[in-house]
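> sequence below, structure please.
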Amino acid sequence: YTLRTINLNAFANGAPHQILFEYIGPSSGTGNFTVDDVSLEICPLSAAPVIAAGPVALVTESCPPANSAIDPDERATVNLELHNVGSASTTNLVATLQTGGGVSSPSAPQSYGALTPTGPGASATRDFSFTASGTCGSSITATWDLQDGATNLGTVTKTFVLGTNVTSTTTFSNPAVITIPAGAPATTSGPAAPYPSMINVAGLTNPVTKVTVTLKNMNHTFPDDLDVLLVGPGGQKMLLMSDAGGSADIINNTYTFDDAAAAAMTDAGPLASGTFKPSNFGTGDTFPAPAPVGPYNDPQLLSVFNGVNPNGTWSLYVFDDVGGDVGNINLGWELNITTALPVCTNPCGIVRLVTSSTLTRTSPSSVLANITVTNIGTSPASNVMITTATLGGTPGTPLPQSLGTINAGSSVNTTVTFATSSSGSSTLVIGGTYTGGTFSSTKRVTIPGAPAAPAK
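Residues are numbered from 1 along each chain as shown. A predicted model of the protein is given here:
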């Protein structure tokens, strides 16, 4: 026999690893071989900290009135919890909130210190502030870079939806009887009539956030024969019920299907009226045209319609797949569509530009103004331009000057030169524009005089 020792490459925790044994030998002979025994020695990876993000809480928001949500252009402070789920402690974990993903003007990095792998010291929280950029109802993603001394531990992210959602539910119905199957009682299997039963939805302006469906006054002598398919205006499809309820008759029962229901229907029955999760038993259901072909993959969820435009034709396909029994949905069906309107505190952010300056004489006939423009508001100022600068009526150069975007809490410095030999008290006027507004300042200043001639 042959004994071999082989070192295997490291592989991801939990990932499958395949070992193949291949006989390599002369072409003659049977080429058969057996493996009598295989033993594996698992060598653990080196201990290391692994950081995961825990809950994040909104601490403060700058836009009144507070709505417990981050709004577009709002300066917000959030409290981020970090957990050490690894196998070694951190030395001095520092989290740095990055710019991007709808986050601007982030606050300074925060030290989480030493986080142990277990126990009370495994987690800590710190506050971070930033200005949110985006439209009402959109999402922003905050990313924190994690550094433990010289070791980078990757990043953690959190997603925030801007504003709050105000939901409204609208009910649409088709009360016409659905005969199961078409031609009953002479016919006892096949598609219902009408096939499909349709509801036209119009006038809704926001995407779907929830759908429930009600089948009203349903009857059948063998409900296990029934397959019921709902198709949305965008072609999304799911089974409301299929092969549920066994053989017990259902008589004038009403069923509401809701993803949030406590339980699905039972396979064997009997089926009383009530609210149920979509209920499918078995696989391989087929529906005749014009129903969309399968597969109708489990789990069956009405949330397949979430996020879609609800306007258009919704179709209900009912199919009796075994002969011998008949029924109907005597009062038709209802479609309950919930949509969400994002609502924000708006306008939230404000731009407030202030200027400060100092004057320096650079020659007997020239004075230089060092100008700082600071945005003390809560919203970025875009396309900031200095268009006016006068010192005692003397215009400065160069003008105009573009300062770009000044984020909330940030400043930009520039200089303007005035050709003047005057000195003493005067007035400095600085003005400009930004997208959506103007700014200006007027203040009394003292123009420095020419330096005294050196003594002889």
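
> where along the stretch 251-400 of the chain do the strands fall?
Taking DSSP state E, counting those that start in this stretch as the criterion, the stretch 251-400 of the chain contains strands spanning 274-276, 279-280, 312-320, 327-329, 333-343, 353-363, 366-375, 381-391, 394-397.

> using TSV, lay out the ones you listed together with mean pLDDT and distance to residue 182.
Where you see a C-beta, it was placed from the backbone N, CA and C, and this is true even at glycine. Output for the strands of the stretch 251-400 of the chain, formatted as TSV (pLDDT from 0 to 100; distance: least, C-beta to C-beta, whole Å):
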stretch	mean pLDDT	distance to residue 182
strand 274-276	98	26
strand 279-280	96	23
strand 312-320	98	9
strand 327-329	97	11
strand 333-343	94	17
strand 353-363	94	73
strand 366-375	95	70
strand 381-391	95	63
strand 394-397	96	87
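
> of all these, which one is nearest residue 119?
Set against residue 119 and scored by C-beta to C-beta, the strands of the stretch 251-400 of the chain come closest in strand 333-343, at 41.6 Å.

> tell me the angle of the closest one relative to strand 312-320?
Angle of strand 333-343 versus strand 312-320, following axes from the mean of the first three to the mean of the last three C-alpha atoms, to 10 degrees, is 150 degrees.

> so what strands line up beside strand 333-343?
In the sheet, strand 333-343 lines up against strand 164-174 (antiparallel), strand 208-220 (antiparallel) (DSSP bridges).

> and the next helix or strand after the longest one, average pLDDT?
In this case it means strand 208-220. As assigned by DSSP states H and E, the chain's next helix or strand after strand 208-220 is strand 226-231. For strand 226-231, mean pLDDT rounds to 98.

> check contacts around the spatially closest residue to residue 93 that is not a sequence neighbour.
Leaving out its chain neighbours, the residue that sits closest to residue 93 by C-beta to C-beta, 6 or more residues apart in numbering is residue 112, at 4.2 Å. For residue 112, the contact set (C-beta atoms under 8 Å, 6 or more residues apart in numbering) comprises 82, 90, 93, 94, 95, 124, 126.

> so which strand or helix has residue 112?
Using DSSP H and E, residue 112 falls in strand 110-113.

> that strand pairs with which strands?
By DSSP bridges, strand 110-113 pairs with strand 93-97 (antiparallel).

> buried stuff in the partner strand?
Across strand 93-97, burial judged by 16 or more other C-beta atoms under 10 Å covers 93, 94, 95, 96, 97.

> any chance of these in TSV with pLDDT as columns?
Listed next are these as TSV, based on pLDDT from 0 to 100:
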residue	pLDDT
93	97
94	98
95	98
96	98
97	98
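
> now flag whichever of those is closest to residue 357.
The nearest one, if we look at the buried residues of strand 93-97 relative to residue 357 and count by C-beta to C-beta, is residue 97, at 32.4 Å.

> what's the closest non-adjacent residue to that closest one?
Closest to residue 97 by C-beta to C-beta, 6+ apart is residue 106, at 3.9 Å.

> before we move on, what about residue 154?
Residue 154 sits nearest to residue 146 (C-beta to C-beta, 6+ apart), 5.9 Å away.

> list the contacts of that neighbour.
51, 82, 93, 94, 95, 152, 153, 154, 155, 156.

> quick check, the fifth one in contact with residue 144.
In this case it means residue 95. Yes. Applying C-beta atoms under 8 Å as the test, residue 95 and residue 144 come out as touching, 4.5 Å apart.

> okay, and the common contacts of these two?
By C-beta under 8 Å, 6+ apart, the residues touching both residue 95 and residue 144 are 80, 128, 156.

> which of the strands paired with strand 333-343 has the lowest mean pLDDT?
Looking across the strands paired with strand 333-343, the weakest by mean pLDDT turns out to be strand 164-174, at a mean of 94.

> what's in contact with it?
Here strand 164-174 has contacts from 67-69, 137, 197-201, 204, 209-210, 314, 316, 332-344, using C-beta under 8 Å, 6+ apart.

> of those residues, buried ones?
67, 69, 137, 197, 199, 201, 204, 209-210, 314, 316, 332-340, 342, 344.

> return the member of the shared contacts of residue 95 and residue 144 nearest to residue 365.
Closest to residue 365, out of all of those and judged by C-beta to C-beta, is residue 128, at 50.9 Å.

> does that closest one touch residue 109 like I think?
No. Applying C-beta under 8 Å, one finds residue 128 not in contact with residue 109, separated by 9.0 Å.

> ok, these two, which is more surrounded?
residue 128 (22 against 14; other C-beta atoms under 10 Å).

> helix or strand for that one, which one?
Judged by DSSP H and E, residue 128 forms part of strand 123-132.

> which parts of the helix or strand that that strand is followed by are buried?
Next in sequence after strand 123-132, counting helices and strands by DSSP H and E, comes strand 139-148. Using 16+ other C-beta under 10 Å as the test for burial, strand 139-148 gives 140, 142, 143, 144, 146, 147, 148.

> swap in stretch 367-385?
367-369, 371, 373-375, 377-381, 384-385.

> would TSV of these with distance to residue 293 be doable?
Compiled in TSV, the buried residues of stretch 367-385 are given as follows (distance: C-beta to C-beta, whole Å):
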residue	distance to residue 293
367	82
368	78
369	75
371	70
373	64
374	64
375	58
377	57
378	54
379	52
380	51
381	56
384	59
385	61
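
> greatest separation within the residues you listed: which pair is it?
Among the buried residues of stretch 367-385, 367 and 378 lie farthest apart (C-beta to C-beta), at 34.9 Å.

> check the buried residues of strand 139-148 and tell me the two furthest apart.
So, these by C-beta to C-beta: farthest apart are 140 and 148, at 26.5 Å.

> can you give me how far stretch 300-316 is from the chain middle?
20 Å (C-alpha atoms, centre = their mean, to the nearest Å).

> now that stretch - C-alpha only, PDB.
Presented in PDB, the C-alpha positions along stretch 300-316 are these (Å, rounded to 0.1, in the frame of the first residue of the first chain):
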ATOM      1  CA  GLN A 300     -46.000  32.100  -3.000                       C
ATOM      2  CA  LEU A 301     -45.900  35.800  -1.800                       C
ATOM      3  CA  LEU A 302     -48.100  38.700  -2.600                       C
ATOM      4  CA  SER A 303     -45.000  40.900  -2.000                       C
ATOM      5  CA  VAL A 304     -44.000  40.000  -5.600                       C
ATOM      6  CA  PHE A 305     -46.100  43.000  -6.500                       C
ATOM      7  CA  ASN A 306     -44.300  45.400  -4.200                       C
ATOM      8  CA  GLY A 307     -42.600  48.300  -5.900                       C
ATOM      9  CA  VAL A 308     -44.500  48.000  -9.200                       C
ATOM     10  CA  ASN A 309     -46.900  50.500 -10.800                       C
ATOM     11  CA  PRO A 310     -50.300  49.300  -9.800                       C
ATOM     12  CA  ASN A 311     -52.200  50.800 -12.700                       C
ATOM     13  CA  GLY A 312     -53.400  48.400 -15.400                       C
ATOM     14  CA  THR A 313     -55.200  45.100 -15.600                       C
ATOM     15  CA  TRP A 314     -55.000  42.600 -12.800                       C
ATOM     16  CA  SER A 315     -56.100  39.100 -13.900                       C
ATOM     17  CA  LEU A 316     -57.400  36.200 -11.800                       C
END
